[in-house]
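Participant: based on what follows, work out the 3D shape:
(chains A, B, C and D)
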2 protein chains.
Amino acid sequence: MNKEAIAENLRAHTLKVTPQRLKIVESLNTYGHLNIDMLYREVKESHPNVSLATVYKNLAIMTQNGLLEEVKISGHKSVFEVKKAPHIHLHCSRCGKIEDIEIDLSYVKAEAEKRSGYIVSGSEAVMVGVCPECRHNR
Amino acid sequence: MNKEAIAENLRAHTLKVTPQRLKIVESLNTYGHLNIDMLYREVKESHPNVSLATVYKNLAIMTQNGLLEEVKISGHKSVFEVKKAPHIHLHCSRCGKIEDIEIDLSYVKAEAEKRSGYIVSGSEAVMVGVCPECRHNR
DNA sequence: TATTTAAGGATAAAGTTTATCGTTTACTGG
DNA sequence: CCAGTAAACGATAAACTTTATCCTTAAATA
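Facilitator: Numbers count the residues shown, from 1 in each chain, chains lettered A, B, ... in the order given. Take a look at the predicted model:
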């Protein structure tokens, strides 16, 4: 995804296009899931005097505006990702990596609604385990 | 669940039985899901000079030892619960309440393993929506 | 290109969690 | 039941994280 497409995406979420924001989204496109410290380091590479507060402020507003999503991982700092089609997360407890996998949860949602009376508007699921690489390299 | 049963549960997890720990688990049995501030307030009622550090230390060790579980809720502080049979969480975005519901995720787990090569050992799922009470009282 | 408004940077303040350390308490074995 | 030991407690400092403030800079609009 190129810079102009990212800029489009920012504008689509009523956010001004700034170099710092471009870099944040670019980094997330490249690495998938990054926490705030990683993102701060990333942005500093191209903008050495970026303020940590800027990263905080941007993650907050980009998440509020629906461009990013925060993923809470048990025992770790939250990571952020660019919002895309609904999916669940795989978290490797050995190497810490996080992957997306598109598994349909509509059955779970329907079942939850039926049995609880809730109207469910969203869901978040994380499966924890060991990835193939970590299983083999030991 | 009475005090002796809670004490049993603590011992079963190689934890000494202290009044502060009893109160924490008792509160969680009563209310289901509480964050650290709520638990601190709870324990203070029966042990007015409990230290906040004690609550932190106990939640950490009880979680490590598998007696409690931490539930990360988007936009809120983590809540804790007494570990029980696998279940997923319902979170009402209006009133903030959290409920358990036992829905089988083994299909999701199997599918995730098949498609990713991971060996999945655990999962955490939260469905966000509006509970029946909040839907009606407005 | 000037104007307006939002965003950035620096840093202070607030809030949260962990570490330290001396004292107290729960457990064990006699 | 009591003494000894190790763990837990309380108080508090330190570390760490997040948010707020305020002045400067930059992006969008016409």
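
Participant: please identify the helix or strand for the nearest residue to A:Ser93 once chain neighbours are set aside.
Facilitator: Closest residue to A:Ser93 apart from its sequence neighbours, by Cβ to Cβ, 6 or more residues apart in numbering or on different chains: A:Val128 at 5.5 Å. C-beta coordinates here come from the backbone N, C-alpha and C atoms, glycine included. Remark: A:Val128 resides in strand A:119-130, with elements defined by DSSP states H and E.

Participant: near DNA strand D, which residues of chain A?
Facilitator: Residues of chain A lying close to DNA strand D (Cβ under 7 Å from any atom of the strand) are A:Arg11, A:Lys16, A:Val17, A:Thr18, A:Pro19, A:Ile36, A:Leu52, A:Ala53, A:Tyr56, A:Ala60, A:Lys77, A:Ser78.

Participant: just list the residues touching the residue nearest to the spatial centre of chain A, thanks.
Facilitator: By Cα atoms, centre = their mean, chain A has its centre lying nearest to A:Glu81, at 1.8 Å. The contact partners of A:Glu81, by Cβ atoms under 8 Å, 6 or more residues apart in numbering or on different chains, come to A:Leu28, A:Gly32, A:His33, A:Leu68, A:Glu69, A:Val71, A:Asp100.

Participant: 10 Å instead?
Facilitator: With contacts defined as Cβ atoms under 10 Å, 6 or more residues apart in numbering or on different chains, the neighbours of A:Glu81 are A:28-29, A:31-34, A:68-71, A:87, A:89, A:98, A:100.

Participant: quick one on the thing from earlier: quick one: average pLDDT of the strand holding A:Val128?
Facilitator: For strand A:119-130, mean pLDDT is 97.

Participant: list the buried residues in it.
Facilitator: Under the neighbour-count criterion of 16 or more other Cβ atoms under 10 Å in any protein chain shown, strand A:119-130 has A:Val120, A:Ser123, A:Glu124, A:Ala125, A:Val126, A:Met127, A:Val128, A:Gly129, A:Val130 buried.

Participant: doesn't A:Asp104 make contact with the fourth one?
Facilitator: No - between A:Ala125 and A:Asp104 there is no contact, the gap being 11.3 Å when judged by Cβ atoms under 10 Å.

Participant: coming back round to it: filter the residues of chain A next to DNA strand D down to the buried ones, PyMOL style.
Facilitator: Remark: buried members of the residues of chain A next to DNA strand D, expressed as a PyMOL selection using 16+ other Cβ under 10 Å:
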select buried, chain A and resi 78
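
Participant: need the max-distance pair from the residues of chain A next to DNA strand D.
Facilitator: Taking Cβ to Cβ as the measure, the residues of chain A next to DNA strand D span a maximum distance of 29.2 Å, between A:Arg11 and A:Lys77.

Participant: domain assignment for chain A?
Facilitator: Listed domain ranges for chain A are A:3-82, A:88-136 (source: automatic domain parsing).

Participant: and the helices in chain A?
Facilitator: A:3-12, A:19-31, A:36-46, A:52-64, A:106-116, A:132-136 (DSSP state H).

Participant: let me know which of the ones you listed is tucked in deepest.
Facilitator: helix A:19-31 (a mean of 19; mean count of other Cβ atoms under 10 Å in any protein chain shown).

Participant: ok, now which ones touch A:Thr54?
Facilitator: A:Thr18, A:Gln20, A:Arg21, A:Ile24, A:Tyr40, A:Val43, A:His47.

Participant: can you check A:Gln20 too?
Facilitator: Taking Cβ under 10 Å, 6+ apart, one finds A:Val43, A:Ser46, A:His47, A:Val50, A:Ser51, A:Thr54, A:Val55, A:Lys57, A:Asn58 in contact with A:Gln20.
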